[in-house]
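[1] Sequence first, then the predicted structure:
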Amino acid sequence: MITQSEGITAKGELCFFCGQPTEDPAIQWTGNPHTIFLHPTCAVDFLLRLARDVHEMQCKGPLPEFASAYQQYAAGWYAGRGRP
Ligand SMILES: [Zn+2]
């Protein structure tokens, strides 16, 4: 989360999810090479859709190499905790 007191402001930026102007406080993520801004409520909606897409990818096959690696990691994580 960013606030104006941190020297970074979301004012003048557009929300990555809904496209509307953002205000402080907002969610900011810096990736390579872009920085995105999200309204806090839009961040939740974006997170839910991102999780849905990951779950859908996990359930479909054949999986791309990176998804298969994730599936193996998840299986190991669950096995270590005694879950199916
Ligand atoms: Zn938004």
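    Received the coordinates, thanks.

[2] rest of the way, CA atoms for contacts and neighbours
    OK.

[3] continuing past the helix ranked longest in the chain, what's the next helix or strand?
    When the chain is parsed with DSSP state H, its longest helix is helix 40-59. Per DSSP states H and E, helix 40-59 leads on to helix 65-80 as the next helix or strand towards the C-terminus.

[4] What is that next one packed up against?
    Where contact means 3 or more C-alpha pairs under 8 Å, 6 or more residues apart in numbering; DSSP states H and E, helix 65-80 is packed against helix 40-59.

[5] Output the helix it packs on in CSV, but only the C-alpha positions, please.
    In CSV, the C-alpha atoms belonging to helix 40-59 read as follows (Å, rounded to 0.1, in the frame of the first residue of the first chain):
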residue,chain,number,x,y,z
PRO,A,40,-8.1,-1.4,-2.6
THR,A,41,-11.4,-3.0,-3.5
CYS,A,42,-10.3,-3.6,-7.1
ALA,A,43,-7.2,-5.4,-5.7
VAL,A,44,-9.5,-7.9,-3.9
ASP,A,45,-11.5,-8.5,-7.1
PHE,A,46,-8.3,-8.9,-9.1
LEU,A,47,-6.9,-11.3,-6.5
LEU,A,48,-10.1,-13.5,-6.7
ARG,A,49,-10.0,-13.6,-10.5
LEU,A,50,-6.3,-14.3,-10.5
ALA,A,51,-6.8,-17.2,-8.0
ARG,A,52,-9.7,-18.5,-10.1
ASP,A,53,-7.5,-18.5,-13.2
VAL,A,54,-4.7,-20.4,-11.4
HIS,A,55,-7.2,-23.0,-10.1
GLU,A,56,-8.6,-23.4,-13.6
MET,A,57,-5.1,-23.9,-14.9
GLN,A,58,-4.3,-26.5,-12.2
CYS,A,59,-7.4,-28.4,-13.1
